[in-house]
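Chemist: quick one, structure for this:
(2 chains, ligands or ions: 2)
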2 protein chains.
Amino acid sequence: MSHLSVHVPLDGGRAYDILIGRGLVDAVGAQAAALGAKAAGIVTDETVAALYGERIRASLEQAGLRCGIIAVPPGEASKSYACYAAVCDRLLELRIERGDLVVALGGGVVGDLAGFAAATLRRGVRFLQVPTTLLAQVDSSVGGKTGINSPHGKNLIGAFHQPRLVLADTAALDTLVEREMRAGYAEVAKYGLIADPGFFDWCEANWRGIFSGGPERDEAVAICCRAKAGVVVRDEREDGERALLNLGHTFGHALERLTHYESARLVHGEGVAIGLALAFRFSARLGLCSGQEAGRVANHLAMAGLPTRLQDVPGGSGDAESILDAMAQDKKVRDGALTFILARGIGQSFIAPGIGRDDVRAFLQDELRG
Amino acid sequence: MSHLSVHVPLDGGRAYDILIGRGLVDAVGAQAAALGAKAAGIVTDETVAALYGERIRASLEQAGLRCGIIAVPPGEASKSYACYAAVCDRLLELRIERGDLVVALGGGVVGDLAGFAAATLRRGVRFLQVPTTLLAQVDSSVGGKTGINSPHGKNLIGAFHQPRLVLADTAALDTLVEREMRAGYAEVAKYGLIADPGFFDWCEANWRGIFSGGPERDEAVAICCRAKAGVVVRDEREDGERALLNLGHTFGHALERLTHYESARLVHGEGVAIGLALAFRFSARLGLCSGQEAGRVANHLAMAGLPTRLQDVPGGSGDAESILDAMAQDKKVRDGALTFILARGIGQSFIAPGIGRDDVRAFLQDELRG
Ligand SMILES: NC(=O)c1ccc[n+]([C@@H]2O[C@H](COP(=O)([O-])OP(=O)(O)OC[C@H]3O[C@@H](n4cnc5c(N)ncnc54)[C@H](O)[C@@H]3O)[C@@H](O)[C@H]2O)c1
Ligand SMILES: NC(=O)c1ccc[n+]([C@@H]2O[C@H](COP(=O)([O-])OP(=O)(O)OC[C@H]3O[C@@H](n4cnc5c(N)ncnc54)[C@H](O)[C@@H]3O)[C@@H](O)[C@H]2O)c1
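Modeler: Numbers count the residues shown, from 1 in each chain, chains lettered A, B, ... in the order given. Ligands and ions are numbered 1, 2, ... in the order given. Next up, the predicted model:
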């Protein structure tokens, strides 16, 4: 089985590898055994369990590990206190001890939920990420952020807990519905927009190969993981640079909140796509980048089938004031001032603290009119 | 205000002080302001809120901090998933941000619960311990272990999260009921039994001063904190030596589990007292220490009004097999073998892994007969 690999050189014995390639789901058992685990609790959602649960179980059992599958309902609503408690209790029932493993098999929802359970079960057990969505492979499975949502907002409860290994099986994306593929693609494009203009060019030329499962897919996943790993190693706890990864997310999270995390209306990556387009148009309005570049960003996202305007939110996004309020609840708020990630051009993003509410309100009002 | 102080020299900017003295509750505001916090969420229980809530609120507001009080019902039952979620949500309602503080005002229950909320709220906010029970002052407020209980056992969910400061107001213990004072005293005596025979001698001579609130109280709290801080700094994550602090706890936790954490029957420190006596009698039975020393331990605990035998558990402790099963659920189990902390004498404890179930069963059966 040939695969690409990205090393994440964290200190304190926490360095780990990300393996990327087709068929890696079947390698989970051997890898878990190599880590010395005797048992594994597989946390997944019902959709992914039906597709890959038995394969991963077979792989683990063949490698001599005791294992059990814990499947939560698919969707953002499973990142809740109640699911968290249920997953922890099931892991305890399975007698997962400190030397054992929690395996997160699924998208970002499962990765965040299982990772938080692993971070806090017996004050920390090791865990392995097996991301099965494009978004999880290029973003959520790397970097150690884990967590759940509160009624007060997304990801407000959580922990930093690095995986011991990430196995990104790019063939697993073949079963992903088109819409989720597109949503993940918003995060792929994001890496180009943050700091890698050459990669954005490459995306414009090669995005179809990512969707169809050509070698471009593995390559893109590896490039994104390398970019994210670099940021995470330099700024693990988001005291600085790591915040750049939130490009598009301040708007995106607000839209997710306003649509009550109903994936029928908006999934995370769609919120990010609209957020990316807004971040560039807002940057252009503030005279930071050209309107042409903002247009190029929105065009490419739209070409890939992604929404790029507030009006694209089914049922509407709410008015400017509600969007502002929803943004102010975000944890990237310090003393009431809003912090945005803005850009001086494609691949030239930066952290812009202290953006005034009035500027944002006026921008949003024009967007809603436009 | 004169006070004693113990420094906990942890690395990575996490070093902190423990201040010990009468009246420190009123110093919370000044200390919180010195840490640069703008707001504080005070987590406490209803009993402690009624006694000290308004004083601490006044102290914080006088220092210019916005604050709110979150009071859970008193008792172990509040270390639950449900209370954890409620506390987190209330802290979010109070808009506690990363630079702010969570203040744990109360006994070990509140310290563990508030500490875990602080560890996971926004993936970690700073917190300040204001322990108001003897147990919390000498044990639970120091060392960074935080957590809640699962239906599967005590402290099975949690995180390591060090406080920024511990303010142990020894005058607050004046309002503590006698029974809780005694329970905390079991942990005081424990430090002598683990590694400090001279301190155990001192306890035998001076324990009444601890109970009555003489200068011996502050001195004992400082000695215990210094002992615990030393262990924690050398072995923060309990890979080795820190396990010694569990002297008496393997039996103690099992008894708490069997009495369903009903404090009417058994509180933590009482379980520990019985556990300490059992650990020494078990050590004597295995030929590790003299029966005389085991007798001296039990005598001193009984003198201070503590239970020392399984028969002292109101309603009974259950039979040997149930106690064993309850012990096997403890997280200090590796691959099914039991790990005990045993002793070669007073002040000479050590970690004894791989103790056979049969030896323990026979010992417990004799104890229940005796
Ligand atoms: N921790 C981080 O750093 C981080 C970063 C970005 C996003 N996130 C989080 O990730 C979550 C979104 O992740 P997501 O987009 O992967 O959503 P998701 O986990 O809900 O997965 C999307 C859908 O795809 C299905 N699915 C997953 N894999 C499949 C497969 N191989 N074949 C068919 N169907 C499959 C799932 O059942 C689900 O219905 C959000 O909660 C977000 O907050 C976390
Ligand atoms: N984190 C750790 O390292 C650690 C170590 C040991 C114990 N613990 C935990 O600590 C908990 C036990 O702590 P505890 O014994 O302090 O119990 P507790 O917090 O329940 O307090 C005991 C009782 O005393 C009352 N009280 C507290 N302060 C008072 C005061 N000044 N005046 C009058 N009443 C007061 C409380 O309302 C409560 O009813 C257990 O949950 C145990 O697991 C944690």
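
Chemist: going forward, measure contacts and count neighbours with C-alpha atoms only.
Modeler: Noted.

Chemist: the residue sitting furthest away from the middle of chain A and residue A:292, how far apart?
Modeler: Taking Cα atoms, centre = their mean, the residue of chain A most remote from its mean C-alpha position is residue A:64, at 31.7 Å. Note on residue A:64: its distance to residue A:292, by Cα to Cα, to the nearest Å, is 58 Å.

Chemist: what of residue A:323?
Modeler: Distance from residue A:323 to residue A:292, by Cα to Cα: 26 Å.

Chemist: confirm that residue A:187 sits in a helix.
Modeler: Yes - per DSSP: H, G, I helix; E, B strand; the rest coil, residue A:187 lies within a helix segment.

Chemist: what's the burial count for it?
Modeler: Neighbours of residue A:187 under the rule other Cα atoms under 10 Å in any protein chain shown: 27.

Chemist: need phi/psi at the residue of chain A found nearest ligand 2.
Modeler: Per Cα to the nearest ligand atom, residue A:123 is where chain A lies closest to ligand 2, at 11.4 Å. The phi/psi pair for residue A:123 (degrees, to the nearest 10) reads phi 60, psi 30.

Chemist: that one against residue B:160, yeah?
Modeler: Yes - the pair residue A:123 / residue B:160 is scored as a contact, 6.7 Å apart, by Cα atoms under 8 Å.

Chemist: give me every residue in the stretch 1-150 of chain A lying close to ligand 1.
Modeler: Selection of the stretch 1-150 of chain A residues close to ligand 1 by Cα under 6 Å from any ligand atom yields A:45, A:47-48, A:74-76, A:106-110, A:112, A:132-133, A:135-136, A:139-140, A:145-146.

Chemist: now narrow those residues to whatever sits close to ligand 2.
Modeler: Answer for those near ligand 2: none qualify (Cα under 6 Å from any ligand atom).

Chemist: in strands only, show me these.
Modeler: If you go by DSSP state E, these have A:45, A:106, A:145, A:146 in strands.

Chemist: just the buried residues of those residues.
Modeler: Among those, those classed as buried by 16 or more other Cα atoms under 10 Å in any protein chain shown are A:45, A:106, A:145, A:146.

Chemist: run through the bridge partners of the last one.
Modeler: Put plainly, it is residue A:146. Beta-bridge partners recorded for residue A:146 (DSSP bridges): residue A:159.

Chemist: what's the answer for the one 4 residues further on, then?
Modeler: Partner residues in beta bridges with residue A:150: residue A:153, with DSSP bridges as the criterion.

Chemist: ok so, going back, pull the contacting residues for the residue of chain A closest to ligand 2.
Modeler: B:147, B:156, B:157, B:158, B:159, B:160 (Cα atoms under 8 Å, 6 or more residues apart in numbering or on different chains).

Chemist: what's the spacing between it and ligand 1?
Modeler: Residue A:123 is 19 Å from ligand 1, where distance means Cα to the nearest ligand atom, to the nearest Å.

Chemist: on that earlier part again, ok, now which ones touch the residue farthest from the centre of chain A?
Modeler: Per Cα under 8 Å, 6+ apart, neighbours of residue A:64: A:33, A:38.

Chemist: dihedrals phi and psi, it?
Modeler: Phi and psi for residue A:64, reported as degrees, to the nearest 10, are phi 90, psi 10.

Chemist: tell me which parts of the stretch 201-350 of chain A are close to ligand 1?
Modeler: Counting by Cα under 6 Å from any ligand atom, the residues of the stretch 201-350 of chain A that sit close to ligand 1 are residue A:268.

Chemist: how about low-confidence regions in the stretch 201-350 of chain A?
Modeler: A:330-336 (pLDDT under 70).

Chemist: in the helix or strand hosting residue A:231, what counts as buried?
Modeler: Residue A:231 is part of helix A:215-234 when elements are defined by DSSP states H and E. Neighbour-count burial for helix A:215-234 flags A:216-218, A:220-233 (criterion: 16+ other Cα under 10 Å).

Chemist: also stretch A:140-158?
Modeler: For stretch A:140-158, burial by neighbour count (16+ other Cα under 10 Å) applies to A:140-150, A:152-158.

Chemist: what comes into contact with it?
Modeler: So stretch A:140-158 is contacted by A:79-81, A:84, A:108, A:111-116, A:129-131, A:159-163, A:166, A:225, A:228-229, A:232, A:236, A:253, A:257, A:329-331, B:88-89, B:92-93, B:120-124 (Cα under 8 Å, 6+ apart).

Chemist: quick one: terminal-to-terminal distance for that stretch?
Modeler: Criterion Cα to Cα; first-to-last residue distance in stretch A:140-158 is 13 Å.
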